[in-house]
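>>> Kindly generate the corresponding structure for this input.
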Amino acid sequence: MPSRRTPWNKGKLVGQKTPLRLCDIWSIRVRLQLGKNARDLALFNLAIDSKLRGCDLVSLRLRDVSHGSAIAKRAIVLQRKTDRPVQFELTDLTRTSVAEWARQAQIVPGAYLFPGRAKYVGHLSTRQYARIVSSWVTAIGLDRHSYGTHSMRRTKASLIYRRTKNLRAVQILLGHTKLESTVRYLGIEVEDALEMAEQTEA
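Sure thing, here's the model as predicted:
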């Protein structure tokens, strides 16, 4: 009798990755600042602000987020998956950290903002980015299985939705073509149901 194979997902959390809370964002940010990790600080801040997929984030060039020698307040990037442009705002914290990283690493406008380990391989790979994200969440005591690169993409979108309840705005910011995609992406139906349950006295 053939032995039964263990399911690939046994003991693993599957499905959507959890977005970071505001306190998690600041915990990671402060750790990176204290550790003087200029690259990771720039990568983290840009990941949160841009809401880009990992493949689009790691392939950014300095010129994509700058005007001349200054880091831009807004940027437009063409998404690989949808071939559609998406616009995002860069906060002062992000602009400062990206400028400092570019200065330290001597990155020129046409070069990748986050180069790989060896110069000939181009930019940081999505696998390397995933490992970096895992190290960030683990460092502040979170379960790395619950978080991933998509957590970075979902974080600001989730915060914006919770504050405004404006689905259309979040749809535009994420570059989704359908509103239904945004609803599923944010897990809004479940989230709203839990909120209503918490606010209802039994």
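
>>> Give the buried residues for the longest helix along the chain.
When the chain is parsed with DSSP state H, its longest helix is helix 149-164. Going by neighbour count (16 or more other Cβ atoms under 10 Å), the buried part of helix 149-164 is 149-161. Using the backbone N, CA and C atoms, a C-beta is placed for each residue, glycine as well.

>>> May I see these arranged in CSV, with distance to S66 as well?
Conversion of these to CSV gives the following (distance: Cβ to Cβ, whole Å):
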residue, distance to S66
T149, 23
H150, 26
S151, 26
M152, 21
R153, 22
R154, 26
T155, 23
K156, 21
A157, 24
S158, 28
L159, 26
I160, 25
Y161, 29
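
>>> could those residues be laid out in CSV, adding distance to D64 and pLDDT?
CSV is the format used below for the buried residues of helix 149-164 (distance: Cβ to Cβ, whole Å; pLDDT from 0 to 100):
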residue, distance to D64, pLDDT
T149, 18, 93
H150, 21, 89
S151, 22, 90
M152, 17, 92
R153, 17, 86
R154, 22, 86
T155, 21, 87
K156, 18, 86
A157, 20, 83
S158, 24, 83
L159, 24, 82
I160, 22, 79
Y161, 26, 83
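
>>> Quick check, central residue of the protein?
Nearest residue to the geometric centre of the chain (Cα atoms, centre = their mean): M152, 2.5 Å.

>>> quick one, strands of this protein?
For the chain, the strands defined by DSSP state E cover 66-67, 70-71, 74-78, 85-89.

>>> Parallel or antiparallel, list what pairs with the second one.
Same thing as strand 70-71. Strand 70-71 pairs in its sheet with strand 66-67 (antiparallel), by DSSP bridges.
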